[in-house]
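Trainee: Give me a model of this one.
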Amino acid sequence: MMRSVAAVALAVLLAALPVAGSAYVIDMATEILIYALFALSLNLLLGYAGSVSFGHAVFFALGGYVCAILLKTYGWPLAAALPAAVVASALAAALIGYFCVRLNEIYFAMLTLAFSMLVWSVAFKWRAVTGGDDGFVGLRLPDWLVGRERFYWFVLAVTTLAIALLWRICHSSFGRALVAIRENAARAAFIGIDVRRMRLAAFVVAGSFAGVAGALFALYKRSMHPDAAFWTESAQVLIMALLGGCALAPLQRHPRLGGRPQPEQHAARLQDAGAEGHDMRKFHGIAA
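Mentor: As a prediction, the model looks like this:
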């Protein structure tokens, strides 16, 4: 109940920000909302699936480039360009994830980094399409989005919807299955969870939401540059997710799936083990 009240209060406060905030505050809040969505998309991989990605920025950059190119080069409306950017990020995540989820731990992380730098290289050198190191610039917004306040409310609406959907996904049976895989993949597979398929699904979902953030970022900056796919961008969002706190709470509610026991459970198990050992010593005539 308290969380719902706090969420509603925060939403009202953010919606009223342009009324009382300065231009600097509005711009800063817009960028914070975009990066919050970007970090939460990584949290699905890092906090729930337990997979550390060093190349999550590749989907952020793809979403931004696809949205910007469709808007400026091909003249698509925003209502079509934004979903197309999300679909492109999801398809790229499915392709990249097909290879990455076959590996674990540091090998998974390094392969995601390799794919990210591959996309960065393409964006950096394909000047005819992406603008090369000069970036893809000159992006114009629709008339109904012109204005700092209007664009802020648009970003707030999209990020709120995306975060709510991401929260619902994480707290579904799919999210619980990811927690089981994170804590003990062997046990998860033993109870019937297709570990590789679930990790691939998480990879695609995380890449899709990163694509949403990237498309919003391109609209916010009116441009897109290859640095958005560079490893430093992935490191930056990884630090954001770590500092913000990964989703570790569910493991305490699922000790049977491999989570760490609560202190009371741990003490009870130690007591039972001690009593059992004492009984065995008495049986063998060791204890007086």
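Trainee: how close does Ala114 get to Phe190?
Mentor: 32 Å (CB to CB, to the nearest Å). The C-beta positions use only the backbone N, C-alpha and C, and glycine is treated the same way.
Trainee: Between these two, point out the one with more neighbours.
Mentor: With neighbours defined as other CB atoms under 10 Å, Ala114 and Phe190 compare such that Ala114 has more, 15 against 9.
Trainee: thought the more buried one was touching Ser53?
Mentor: No: taking contacts as CB atoms under 8 Å, Ala114 lies outside contact range of Ser53: 11.6 Å.
Trainee: Spatially central residue for the protein, please.
Mentor: Ser41 (1.4 Å; CA atoms, centre = their mean).
Trainee: is it fair to say that one lies in a helix?
Mentor: Yes: according to DSSP: H, G, I helix; E, B strand; the rest coil, the state of Ser41 is that of a helix.
Trainee: show me where pLDDT drops low in the stretch 1-150 of the chain?
Mentor: Low-confidence segments of the stretch 1-150 of the chain (pLDDT under 70): 1.
Trainee: And the helices in it?
Mentor: For the stretch 1-150 of the chain, the helices defined by DSSP state H, counting those that start in this stretch cover 2-15, 17-20, 23-43, 57-72, 78-100, 105-125, 127-130, 148-170.
Trainee: As a markdown table, the ones you listed with distance to Leu139 would be great.
Mentor: Output for the helices of the stretch 1-150 of the chain, formatted as a markdown table (distance: least, CB to CB, whole Å):
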| stretch | distance to Leu139 |
| --- | --- |
| helix 2-15 | 25 |
| helix 17-20 | 22 |
| helix 23-43 | 15 |
| helix 57-72 | 5 |
| helix 78-100 | 10 |
| helix 105-125 | 15 |
| helix 127-130 | 13 |
| helix 148-170 | 12 |
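Trainee: Can you say which of these is nearest to Trp231?
Mentor: Closest to Trp231 of the helices of the stretch 1-150 of the chain, according to CB to CB: helix 105-125, at 6.0 Å.
Trainee: Can you mark which positions in the closest one are buried?
Mentor: Buried residues in helix 105-125, counted by 16 or more other CB atoms under 10 Å: Phe108, Ala109, Leu111, Thr112, Leu113, Phe115, Ser116, Met117, Val119, Trp120, Ala123, Phe124.
Trainee: before we move on, back to that, with respect to burial, which of the helices of the stretch 1-150 of the chain scores highest?
Mentor: Mean neighbours per residue, mean count of other CB atoms under 10 Å, is largest over the helices of the stretch 1-150 of the chain for helix 57-72, with a mean of 28.
Trainee: helices and strands around that one, which ones?
Mentor: helix 78-100, helix 105-125, helix 127-130, helix 195-221, helix 231-244 (3 or more CB pairs under 8 Å, 6 or more residues apart in numbering; DSSP states H and E).
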